[in-house]
Every structure is written in structure tokens, then in C-alpha cells.
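Asks: Task: produce atomic coordinates for the following.
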Amino acid sequence: MTTTAQLLRVDPGSPHFAGLVDLMAQVDRETVGDACEPYDVDYEAASWTTANGRNAGWVVVTDGAVVGFAKAYLPDRDNTHAVELELGTAPGHRGHGHGRALLAAVSELARAEGRDTLMSGTGFRPEPEAAWALHEQAVRDDAVTRRPVPGAVLGVSFARASGADLVQTEVRSQVVLPVPADVLARQDAEVQAHAGAYTTRTWLGACPEELMVDRAALAARMDTDPPLGDMDWRPGVWDADRMRDTYADWQRRGLQMVGAGAVAADGRMVAFSEMGRDRRNPLLAYQFDTIVDPDHRGHRLGMLVKQAALRRLGEAMAEVERVQTWNALENGPMLRVNRAMGFVPVGLYSLYQLKLT
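Replies: Presented below is the predicted three-dimensional model:
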């Protein structure tokens with residue numbers, strides 16, 4: 001008996017939406033084991049449309065079960081040439097063309113909207129010391145970020161067969177809380193020795209209104225300053241109004257945020273770090289953006305603001321057990337800070353980019 005597979009477009013109102021979310025969680029667990037995320041249907045539904053873009057989804061259904069999914073995020077305020085794609089199939093259902101059908105559906109939508117670039121990642125859980133060693137190689141030679149990661153990586157053969165190019169490697173890392181007291185003490189000493197000319201501000205939710213213009217300027221730098229490898233990611237336009245919209249959107253979606261900023265003598269915020277969690281899943285928090293203005297680097301401000309945000313997180317959300325973050329493999333300054341704070345690699349991701357013709 002031949003089983004018929006159906007390719008269906010889905011959104012939060014669709015009967016198979018929960019199956020899409022469940023399969024996303026299954027693929028994440030297959031990739032990184034117990035370091036996986038607690039995917040939540042309500043959060044995914046609330047986040048289907050955001051202040052800066054929207055999602056589209058498809059599933060492959062066999063015998064009533066979701067055995068393949070594609071979730072495509074389409075930025076709408078900038079980078080409107082691009083689609084950020086998550087795609088996966090269930091074990092036992094690979095090799096039947098489901099991935100190709102899903103990719104074709106996403107490509108058709110992208111072309112219809114005038115978008116020509118698909119971006120996606122595929123990863124595996126490495127030995128931490130092997131990941132750190134690869135990072136150190138990438139700091140010395142950033143071409144390493146565009147080379148295949150040693151080890152079996154789910155989805156690499158599919159990406160290559162699709163004609164996608166490997167454009168960067170990313171590290172997913174995690175710190176288990178609380179950070180040991182001796183680690184915090186070493187960080188405090190390093191920060192005090194280098195960052196004495198700066199004051200620290202922390203916040204819950206949105207950053208203080210008097211810092212909103214500075215926060216928006218630093219958000220714009222997130223599109224230009226971190227390493228991008230060969231990824232076709234273009235600078236966006238950020239102002240205080242867009243920043244306010246983003247904070248309001250995070251709150252609407254159920255994200256609880258904390259942040260910390262470093263303020264220079266002239267009153268400008270020149271570095272910040274933010275962390276947040278979905279209120280439905282209180283045990284896991286995420287490191288959002290961290291960045292330091294180029295004119296103020298070399299003063300350990302990255303460590304200052306990350307440490308201050310982590311402490312504020314512990315005060316406001318004591319239930320949090322772990323924090324996860326993602327960084328480019330070749331990002332020496334930020335991964336140096338993360339490593340000093342006790343973050344451990346839990347995933348290495350090959351980032352692929354497909355240019356549509």
C-alpha cells in the first residue's frame with residue numbers, strides 16, 4: 001500500500017500547526033540533545049508576525065502525522081531580499097523528497113515576493129574542547145568559518161545538493177546558573193581594572209527612554225559589526241521609534257527582558273547587553289544582542305554589560321537555570337567573554353546560503 005504525502009501551507013490557525021512546532025522541537029533535540037529549546041505552540045503563534053517581519057510555514061503530512069516542516073521568516077523592514085529558513089524532516093521519513101518539496105515551496109514564495117536569498121543552518125553537538133579549538137583557528141584565519149565543520153552534520157548533504165554555499169559557522173553555547181562565585185570575582189576584577197570611567201545602567205523590559213536613541217544606534221551596528229562571513233546580510237535602518245516598536249512586540253509575544261548598558265562620561269550609552277525568556281518557559285533564557293561602540297572597545301565593556309545583565313536576570317528571574325547564545329565562530333572578542341563567563345559550546349552550525357535564479 002502506497003502512503004500519500006501531502007504538502008500543506010500552515011499558519012497558527014491551521015490544524016497541523018502544533019505538529020510543525022513539535023517537529024521543530026524534535027529536530028532540535030536530535031541536534032543538541034538535552035540542550036534543546038522548549039518549543040511552545042503559543043509562543044510560536046504569537047511570534048508568527050513580529051514588528052520587523054513575518055513567518056510562513058509548510059508541513060508534509062503522512063497518515064495524519066507531520067513528517068516534514070519548513071518555517072520561513074521574511075524580514076519586512078530591511079533585508080527584504082532574504083528569507084531565513086528552518087527546514088527538517090522526521091527520522092524514518094528522510095530520503096523521500098519531502099525536503100526538496102518544502103524547499104521548492106519556500107523558493108516559490110520568495111521569488112513571488114522578489115526575494116533572491118535563502119539562509120539556513122544545520123548543526124550537531126560537538127565536544128566542547130573541539131569547538132573551542134576550532135574557534136581559535138577561526139580567530140587566526142577567518143576562512144575557517146566558511147569550511148565544512150569536522151563531524152557528521154545533519155542536513156549538509158541536502159544543502160549541498162540544493163546548490164547552497166557554506167557562508168559561515170556559528171557556535172551555540174550555554175551557561176548553567178548560578179555562575180560560580182570565583183568566576184564572578186575574576187570578572188569583577190578585570191572589569192574594575194579597565195572600565196572605571198563608565199557607569200552601568202540596568203533595566204527590566206524596555207531600556208530607559210533617555211537611552212532609546214543610543215539603543216537604536218547600537219542596534220544598527222548589530223547589522224554591520226559582528227562577523228558575517230560571506231552572508232548577504234545588509235545594514236538596516238534603526239531609530240528610537242523602531243526600537244520602541246520592537247520592545248512592545250517582545251512584550252506582546254510574552255518575552256520578559258532584562259538589559260544592561262555602559263554609559264560614557266558624556267551621557268551616551270556606548271555598549272549594551274540584553275537577555276530574555278519566554279514567560280511560558282521560565283527555566284531557559286536567551287542572550288539577545290551584545291555590542292560595544294567601536295570608539296569604546298578595549299575597556300572590557302562587553303564583559304561589564306553581559307555580567308550586569310546576567311546579575312539582573314538572576315535578581316528578576318531567579319528560576320532561570322540556563323542561558324543560551326549564538327555567535328559567529330570567528331568572533332574572538334565576544335566568545336572570549338562568553339568563555340570567561342562559563343558558557344560551554346552545545347552546538348556547531350554550518351550556515352548555508354542559496355541564491356535563487
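Asks: contact partners of stretch 31-48?
Replies: Residues from elsewhere that reach stretch 31-48 (C-beta atoms under 8 Å, 6 or more residues apart in numbering): 11-12, 17-18, 20-22, 24-25, 28-29, 54-55, 123-125, 154, 172, 174, 252-254, 278, 280-281, 283-284, 324, 346-347. (C-beta placed from N, C-alpha, C; glycine too.)
Asks: give me that answer again for 7 Å
Replies: For stretch 31-48, the surrounding residues in contact (C-beta atoms under 7 Å, 6 or more residues apart in numbering) are 11-12, 17-18, 21, 24-25, 28-29, 54-55, 123-125, 154, 172, 174, 252-254, 278, 280-281, 284, 346-347.
Asks: Over to stretch 210-226?
Replies: Residues from elsewhere that reach stretch 210-226 (C-beta under 7 Å, 6+ apart): 201, 207, 233, 235-236, 238-240, 242-244, 261, 268-269, 272, 289, 291, 293, 328, 331.
Asks: rewinding a little: taking the contacts of stretch 31-48, please make a PyMOL selection of just the buried ones.
Replies: Restricted to buried positions by 16 or more other C-beta atoms under 10 Å, the PyMOL selection for the contacts of stretch 31-48 reads:
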select buried, resi 12+17+21+24+25+28+55+123+124+125+154+172+174+253+254+278+284+346+347
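Asks: and the contacts of stretch 31-48, which of them are in helices?
Replies: 17-18, 21, 24-25, 28-29, 252 (DSSP state H).
Asks: Now do the same for residue 15: helix, strand or coil?
Replies: coil (DSSP: H, G, I helix; E, B strand; the rest coil).
Asks: So what's the residue count around it?
Replies: Neighbourhood size, residue 15 [other C-beta atoms under 10 Å]: 10.
Asks: Please report how far it lies from residue 109.
Replies: Using C-beta to C-beta, to the nearest Å, we find residue 15 at a distance of 21 Å from residue 109.
Asks: pLDDT weak spots in the stretch 201-350 of the chain?
Replies: For the stretch 201-350 of the chain, no stretch is flagged by pLDDT under 70.
Asks: what about the helices in it?
Replies: For the stretch 201-350 of the chain, applying DSSP state H, counting those that start in this stretch gives helices covering 212-221, 240-252, 301-316, 332-340.
Asks: just so I know, which of those lies nearest residue 186?
Replies: Nearest to residue 186 among these is helix 332-340; the distance by C-beta to C-beta comes to 7.4 Å.
Asks: quick one, that closest one and helix 301-316 angle?
Replies: 40 degrees (axes from the mean of the first three to the mean of the last three C-alpha atoms, to 10 degrees).
Asks: and helix 332-340, how far out from the chain's middle?
Replies: Chain-centre distance of helix 332-340: 17 Å, with C-alpha atoms, centre = their mean, to the nearest Å.
Asks: other SSEs contacting it?
Replies: Using 3 or more C-beta pairs under 7 Å, 6 or more residues apart in numbering; DSSP states H and E as the contact test, the elements touching helix 332-340 are helix 301-316, strand 322-328.
Asks: quick check: domain ranges of this protein?
Replies: 5-172, 178-320 (automatic domain parsing).
Asks: Nearest to residue 354, out of those?
Replies: Closest among the domains of the chain, using C-beta to C-beta: domain 5-172, at 4.1 Å.
Asks: end-to-end on that closest one?
Replies: For domain 5-172, the first-to-last residue distance is 34 Å (C-alpha to C-alpha, to the nearest Å).
Asks: which pair in the ones in helices among the contacts of stretch 31-48 spans the largest distance?
Replies: Using C-beta to C-beta, the two most remote members of these are 29 and 252, lying 28.0 Å apart.
Asks: could you dump the domains of the chain to JSON lines with distance to residue 342?
Replies: Shown next, in JSON lines, are those (distance: least, C-beta to C-beta, whole Å):
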{"stretch": "domain 5-172", "distance to residue 342": "11"}
{"stretch": "domain 178-320", "distance to residue 342": "5"}
